[in-house]
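> Compute the structure for the input listed below.
(one chain, ligands or ions: 1)
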Amino acid sequence: MTHTPKPVRKAVFPVAGLGTRFLPATKAVPKEMLTVVDKPVIQYVVDEAREAGIEHFVFVTGRNKGVIEDHFDLQVELEHTLRERGKKDALDVLAAALPQPGQTSFTRQQAPLGLGHAVWCARDIVGDEPFALLLPDMIMQDERGCMSRMMEVYRETGGNIISTEEVAWEETHKYGVVEKGDAVAGGFKITGMVEKPPQGSAPSNLFINGRYILQPEIFSILENQASGAGGEIQLTDAMLTLAQSQDFHGFTFTGRTFDCGSKEGFIKANLAYAMWDRNMAASLGPELRQLLDAIKPAGS
Ligand code: UTP
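Below you'll find the predicted structure:
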């Protein structure tokens, strides 16, 4: 790469999915607002984007998702009451989560036609520049955020970047998986991608874990993208088309990704983040041990 790639200033958060796996919890509350310890899931993802230098946060929402917009706005009455009561710590927590005025945009995906369609809905707000895409279901636990590390690769390689993570080979059929080519600048060339490969046929055990840096040409491809697996407009199909004319590089995340779109992943995330907090770990540890001890071995 001889020239500096265009900076990535905007991030897209597709939050228009139905969250059926969490019903009835998600009947009136969007799944992105379910809390992991003390923050809604979406807050982790926005914080990760902010840490990576993102300046504008684009939410693709759907019906019943208005509370997400409220979460990233001032809550004037609450803040007034906290100020009157001298609750500085609580005010600081609220201030840390608040984007600057004008840093957020919200657009609607009127019908949940698939992730690819949700991303396409952000085309006018993103415009003709590269953008970060963060799937809010996925939260990543590490000392430094996944997107911030991806940006380092992007600054060297430009083009499109997909984050991946190792998974057990027996699990690869559940995910989008990449084919790994030569090493490049902290990442590797992606030479192929396949969505949910049949058991035993995956080209690697690196699954796509929900973080992307994409070039704006993806939008015109999505515009004409026919529906794919599950009758939905699939992002992977559009990326495969884009890969015919542009480079895709992979980045391997070595922290842990929790899929908060599934009940098990969501509970694992709560446990992992709670145990990351030294104070909580001290009181939760013995409780967890007791619960584990109470599990009777199979057959007893
Ligand atoms: P999921 O495949 O997890 O679907 O979407 P879902 O509808 O949210 O959840 P379930 O399967 O019914 O429980 C992956 C990501 O893509 C977004 C979702 O919000 C989620 O962040 N998405 C999916 C959209 O924004 N629009 C869509 O049409 C589909």
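
> Residues of this protein that sit close to the ligand?
14-21, 60, 109, 112-115, 117-118, 135-137, 261 (C-beta under 6 Å from any ligand atom). In short, each C-beta sits where N, CA and C put it, glycine included.

> just checking, which of those belong to strands?
Counting by DSSP state E, the members of the residues of the chain next to the ligand that fall within strands are Pro14, Val60.

> before we move on, what SS does Leu222 have?
helix (DSSP: H, G, I helix; E, B strand; the rest coil).

> Look up how far Ile162 lies from it.
16 Å (C-beta to C-beta, to the nearest Å).

> and if you look at Ala97?
Ala97 sits 28 Å away from Ile162, taking C-beta to C-beta as the criterion.

> In the protein, which residue is most central in space?
Computing the C-alpha centroid of the chain and ranking residues by C-alpha atoms, centre = their mean puts Leu135 first, at 2.9 Å.

> Enumerate the positions of the host helix or strand of His249 that are buried.
For His249, the element it lies in under DSSP states H and E is strand 248-252. Residues of strand 248-252 classed as buried by neighbour count (16 or more other C-beta atoms under 10 Å): Phe248, His249, Gly250, Phe251, Thr252.

> hmm, who's touching the lengthiest helix in the chain?
Of all the segments of type helix in the chain, defined by DSSP state H, the longest one is helix 278-294. Residues from elsewhere that reach helix 278-294, judged by C-beta atoms under 8 Å, 6 or more residues apart in numbering: Val37, Leu271, Ala274, Met275.

> same check, this time on stretch 267-276
With C-beta under 8 Å, 6+ apart, stretch 267-276 has contacts from 36-37, 41, 139, 141, 256, 258, 260, 280-281, 284-285, 288.

> State the pLDDT value of Ala185.
Taken from the predicted model, the pLDDT recorded for Ala185 is 85.

> who's in contact with it?
Each residue near Ala185 by C-beta under 8 Å, 6+ apart is listed here: Val153, Glu156, Thr157, His249.

> So the third one is in contact with Gln246, correct?
No - the pair Thr157 and Gln246 fails to qualify as a contact (C-beta atoms under 8 Å) at a distance of 11.2 Å.

> Please say which of those two ends up with more neighbours.
Thr157 (21 against 15; other C-beta atoms under 10 Å).

> OK, contacts around Ile218?
Applying C-beta under 8 Å, 6+ apart, one finds that Ile218 lies in contact with Val119, Asn160, Ala238, Met239, Leu242.

> Let me fix that, I meant to ask about Cys121.
Cys121 neighbours (C-beta under 8 Å, 6+ apart): Ala16, Val60, Thr107, Arg108, Gln109.

> hmm, 7 Å instead?
Cys121 makes contacts with Val60, Thr107, Gln109, as judged by C-beta atoms under 7 Å, 6 or more residues apart in numbering.

> Nearest residue to the last one in space, please, no chain neighbours.
What that stands for is Gln109. Leaving aside its chain neighbours, Gln109 sits nearest to Ala16 (3.9 Å; criterion: C-beta to C-beta, 6 or more residues apart in numbering).

> Can you give me every residue that contacts that neighbour?
Applying C-beta under 7 Å, 6+ apart to Ala16 gives the contacts Val60, Thr61, Gly62, Gln109, Pro112, Ala118.

> Which parts of the chain are strands?
Taking DSSP E as the criterion, the chain carries its strands at 10-14, 35-36, 39-40, 56-61, 104-108, 131-134, 138-141, 160-166, 176-184, 187-195, 206-214, 248-252, 256-259.

> Out of the buried residues of strand 248-252, flag the one nearest to Glu55.
Relative to Glu55, the closest of these is Phe251; by C-beta to C-beta it sits at 21.3 Å.

> circling back: more crowded one of Ala97 and Ile162?
Remark: of Ala97 and Ile162, Ile162 carries more neighbours, 26 against 15, as counted by other C-beta under 10 Å.

> Specify the beta-bridge partners of the more buried one.
Beta-bridge partners of Ile162, counted by DSSP bridges, are Tyr212, Gly250.

> can you tell me how far it sits from the ligand?
In this structure, Ile162 and the ligand are 15 Å apart, going by C-beta to the nearest ligand atom, to the nearest Å.

> That residue and Thr252 touch, don't they?
No - with contact defined as C-beta atoms under 7 Å, Ile162 and Thr252 do not form a contacting pair (10.3 Å).
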